[in-house]
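Visitor: mind folding the following:
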Amino acid sequence: MTWNDRLFGSIPLAPARIGAALAIGLLALYVALMAWLGYLEVLEAQGLQFWESRDARFGVLLVLLAVYAPVARRYASLGARDNLAELAPLLASSPDAARPATPLRAARSRRRGLIGGWIGIAFIPVMALLIDRDPTLYLQRAYWGAPQLWTYTFGFFVGWHVGRFLTEQAEDARYFSGLAERLPAIDLFDPRPLAPFTRQALRGGLLWIVFVSLYSINLIDTDALASVALMWLLGLGFSLPPALLPLLGVHRRIREAKRAELDRVGAALRDEPDALAGSAIERRAGGVSVADLVAYRDLVSSVREWPFDAGARWRILLYLSIPVGSWLGGALVERILSSALD
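Guide: Numbering: from 1, shown residues only. From the prediction side, this is the model:
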């Protein structure tokens, strides 16, 4: 168990409530600190309101990301635990039940997690250079004011958690993909027992989409366009394994079960003996006509090979709409604040 899980587990509140309280407290501390250090007076002398300053906005955004990243890690950990618990009865009935499974926490490598965290930290200067592209700027004493120190402190914190989060997500995804091989016979006409795999994939994609969407609020600053574009490209690459790997093993099992059932029906149409042994309609083999077999073959052929029901498909569309909402929300907030401050 990571220290992040231990910390959240020691507080008897939902992670979202803990995150909301931390965000409010840190934002209040940020504004108070900027006021104490005289930064608000500097803005006033420049004729700028707090939200009109790019550095001030970055400070607020980094607080939100710094709170969201560990909360997302906690929800990902809880989701993986709950999905595994729901699969436990199904796995217990599998032929491989006698072979002990590696515990989820043991499947995570502490070394890979640390490497992921340090890579995330190293990525922060890259993002900074995509916004302020003059490397000599960072060597100037005048550049390093209170907002910059605040932003980089929280930026490195975010980088660490994002690196750890992506590493843990990838390891959990591989773990769930391997669990599909331990499942008993797949019921082609009842995908409900496979729902934990779908939830694992959707949760992994959702948590990363929300993170990138929060960062996309930077689009109100044209200087940040390159960094937002890079974040989305990396986000797509990093979120695909957690979103696809939990489904690939199940997809393979469904496809194999579907192909085997079609082979049985084909053998029955050729009137081979015991052709329907092991089929879902084995008990009805004696009274099945050729027309019934043809209709059943069409029914099996129509079975989807991915464990998505209608609800999952709607959730995917909803998740994909989140970035659009974040862009519109950022523009709306900027318009409202500009109107209120004018």
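
Visitor: this protein: helices as residue ranges?
Guide: Assigned helices in the chain, in chain order: 3-9, 15-36, 39-45, 54-92, 104-107, 110-131, 146-179, 195-215, 225-269, 290-301, 310-341 (criterion: DSSP state H).

Visitor: now the fifth one: average pLDDT?
Guide: Same thing as helix 104-107. For helix 104-107, the mean pLDDT works out to 60.

Visitor: if we can go back for a sec, which one of the helices of the chain has the poorest average confidence?
Guide: Among the helices of the chain, helix 310-341 scores lowest, at a mean of 51.

Visitor: save the helices of the chain as a markdown table, and put in distance to residue 276 too.
Guide: Every C-beta, even on glycine, is put in place using the N, C-alpha and C of the backbone. Formatted as a markdown table, the helices of the chain follow (distance: least, CB to CB, whole Å):
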| stretch | distance to residue 276 |
| --- | --- |
| helix 3-9 | 49 |
| helix 15-36 | 50 |
| helix 39-45 | 77 |
| helix 54-92 | 25 |
| helix 104-107 | 39 |
| helix 110-131 | 47 |
| helix 146-179 | 29 |
| helix 195-215 | 28 |
| helix 225-269 | 5 |
| helix 290-301 | 9 |
| helix 310-341 | 30 |
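
Visitor: wait, which of the ones you listed is closest to residue 185?
Guide: Among those, the nearest to residue 185 by CB to CB is helix 225-269 (7.0 Å).

Visitor: the closest one: how far from the chain's middle?
Guide: The gap between where helix 225-269 is centred and where its chain is centred comes out at 16 Å by CA atoms, centre = their mean, to the nearest Å.

Visitor: for that helix, packing partners?
Guide: Under the contact definition 3 or more CB pairs under 8 Å, 6 or more residues apart in numbering; DSSP states H and E, helix 225-269 sits against helix 110-131, helix 146-179, helix 195-215, helix 290-301.

Visitor: give me the neighbour count for residue 277.
Guide: Using other CB atoms under 10 Å, residue 277 is surrounded by 11 other residues.

Visitor: cool, the one 4 residues further on as well?
Guide: Counted with other CB under 10 Å, the neighbours of residue 281 add up to 17.

Visitor: check residue 252 too.
Guide: Neighbours of residue 252 (other CB under 10 Å): 14.

Visitor: so who does it touch?
Guide: The neighbours of residue 252, taking CB atoms under 8 Å, 6 or more residues apart in numbering as the test, are residue 180.

Visitor: how near is it to residue 20?
Guide: Separation of residue 252 from residue 20 (CB to CB, to the nearest Å): 41 Å.

Visitor: kindly report the same for residue 185.
Guide: 45 Å.

Visitor: and if you look at residue 244?
Guide: Per CB to CB, residue 244 is found 31 Å from residue 20.

Visitor: circling back: any chance of the helices and strands packed on helix 225-269 in TSV, with distance to residue 57 too?
Guide: Output for those, formatted as TSV (distance: least, CB to CB, whole Å):
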stretch	distance to residue 57
helix 110-131	12
helix 146-179	10
helix 195-215	12
helix 290-301	55
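
Visitor: show me the one of these that comes nearest residue 8.
Guide: Here helix 146-179 is closest among these (CB to CB), at 12.5 Å.

Visitor: I'd assumed residue 184 was in contact with residue 90.
Guide: Yes - using CB atoms under 8 Å, residue 90 is in contact with residue 184, at 6.8 Å.

Visitor: and residue 269, how many neighbours?
Guide: Residue 269 has 13 nearby residues by other CB under 10 Å.

Visitor: pull the contacting residues for it.
Guide: Residue 269 touches 290, 293-294, 297, counting by CB under 8 Å, 6+ apart.

Visitor: same question, residue 165
Guide: Residue 165 touches 69, 72-73, 76, 207, counting by CB under 8 Å, 6+ apart.

Visitor: quick check: phi and psi at residue 37.
Guide: Per-residue torsions, residue 37: phi -80, psi 0 (degrees, to the nearest 10).

Visitor: need the pLDDT of it.
Guide: The model reports residue 37 with a pLDDT of 82.

Visitor: list the contacts for the spatially most central residue of the chain?
Guide: In the chain, the centroid-proximal residue (CA atoms, centre = their mean) is residue 204; its distance is 2.7 Å. Residues near residue 204 by CB under 8 Å, 6+ apart: 76, 169, 172-173, 239, 242-243, 246.

Visitor: state the distance from it to residue 241.
Guide: Taken as CB to CB, the span from residue 204 to residue 241 is 8 Å.

Visitor: contact partners of stretch 65-85?
Guide: By CB under 8 Å, 6+ apart, stretch 65-85 touches 2, 4-5, 7-8, 15-16, 18-19, 22-23, 26, 104, 154, 157-158, 161-162, 164-165, 168-169, 172, 175-176, 179, 196-197, 199-200, 203-204, 207, 210-211, 214-215.

Visitor: got the buried residues for it?
Guide: 65-80, 83-84 (16 or more other CB atoms under 10 Å).

Visitor: before we move on, what about stretch 239-256?
Guide: Buried residues in stretch 239-256 (16+ other CB under 10 Å): 239, 241-243, 245-251, 253-254.

Visitor: so which of those residues comes closest to residue 120?
Guide: residue 239 (14.7 Å).

Visitor: which residue is the nearest non-sequential neighbour of that closest one?
Guide: residue 208 (4.1 Å; CB to CB, 6 or more residues apart in numbering).
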